[in-house]
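In: Need coordinates for the following:
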Amino acid sequence: MAIGSLVRVLFGPYEHRVSEAYRSIYVDLDGFTERIRHWRRDAVRVLEIGCGEGAMTERLANIYPRAEIVAIDITPRIGRLYRGPTDNVRFLQTTAQEMAATRRAEFDLIVLADVIHHVPPALRVELFVAAKSALAHNGALVFKDWKRANTPIHALCYASDRWITGDRVQYMTVMEMREILTRVFGPNSIAAEAHIKPWGNNIAFLVRG
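Out: Numbering: from 1, shown residues only. Have a look, this model is predicted:
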């Protein structure tokens, strides 16, 4: 278990609150959720790739209460801190590739948030291709990540990801993000971009399938 996970467990019943407070240093997930709702008012089937312990899943379940939400990750700690409704929400420990193979072209919304910098560069195209395969006709991918920059907050974010989570993270520039999205989804696939508070490093894309 990574250092960050070990420390958070020590907070016991306050772990959920502590995790939310820590995350808010780097990203306003509520603001990001509002951006998703602005971009996609309705959704019937939602896939979250790389859901972790369920922080974003919880918010997706609140804004799409009637949607089927499938949240996947390869971590055994998947969905552990989820506190939302459970009727239409499922957590599956599986890969995007496996999900795309079993539910091809089924999801009208796919969310991939703050995941790609944890994925080795050689495997990133494969991940986006899997997301595209799972996306329904006229569906949308919302992709968000932390862009590389020569700033103090970026150095702090890198240190948090590298030493607290234990992952060997590699961030992308905005141009690199655009390049991989258009390579997989097509040259005119990026429909919108937005910065997410509180830092300009947080950038989100609305991508048409």
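In: Quick one: distance of the longest strand along the chain to the chain centre.
Out: In the chain, with assignment by DSSP state E, the single longest strand is strand 135-146. Mean-position distance between strand 135-146 and its chain equals 10 Å (Cα atoms, centre = their mean, to the nearest Å).
In: In that strand, which residues are buried?
Out: Under the neighbour-count criterion of 16 or more other Cβ atoms under 10 Å, strand 135-146 has 135-136, 139-146 buried. C-beta: built from backbone N, CA, C; applies to glycine.
In: from those, which is closest to residue 176?
Out: Nearest to residue 176 out of these is residue 145 (Cβ to Cβ; 9.9 Å).
In: which residues touch that closest one?
Out: 113-117, 171-172, 177, 203 (Cβ atoms under 8 Å, 6 or more residues apart in numbering).
In: ditto for residue 44
Out: If you count contacts by Cβ under 8 Å, 6+ apart, residue 44 has them with 66-68, 108.
In: same deal with residue 28?
Out: 196-198, 202.
In: Kindly report the same for residue 106.
Out: By Cβ under 8 Å, 6+ apart, the contact list for residue 106 reads 45, 134, 136.
In: Show me which of those is closest to residue 128.
Out: residue 134 (10.8 Å).
In: All the helices of this structure, in order from the start?
Out: Taking DSSP state H, the helices of the chain run over residues 3-9, 15-24, 29-39, 55-63, 96-102, 121-134, 152-159, 174-185.
In: Tell me which of the ones you listed sits most buried.
Out: Greatest average neighbour count among those goes to helix 55-63 (a mean of 22), per mean count of other Cβ atoms under 10 Å.
In: Distance to residue 82 and mean pLDDT added to the helices of the chain, as JSON lines?
Out: Shown next, in JSON lines, are these (distance: least, Cβ to Cβ, whole Å; pLDDT from 0 to 100):
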{"stretch": "helix 3-9", "distance to residue 82": "15", "mean pLDDT": "51"}
{"stretch": "helix 15-24", "distance to residue 82": "9", "mean pLDDT": "86"}
{"stretch": "helix 29-39", "distance to residue 82": "13", "mean pLDDT": "98"}
{"stretch": "helix 55-63", "distance to residue 82": "6", "mean pLDDT": "98"}
{"stretch": "helix 96-102", "distance to residue 82": "18", "mean pLDDT": "98"}
{"stretch": "helix 121-134", "distance to residue 82": "21", "mean pLDDT": "99"}
{"stretch": "helix 152-159", "distance to residue 82": "24", "mean pLDDT": "92"}
{"stretch": "helix 174-185", "distance to residue 82": "28", "mean pLDDT": "99"}
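In: right, and those helices - which one's nearest residue 88?
Out: helix 55-63 (7.4 Å).
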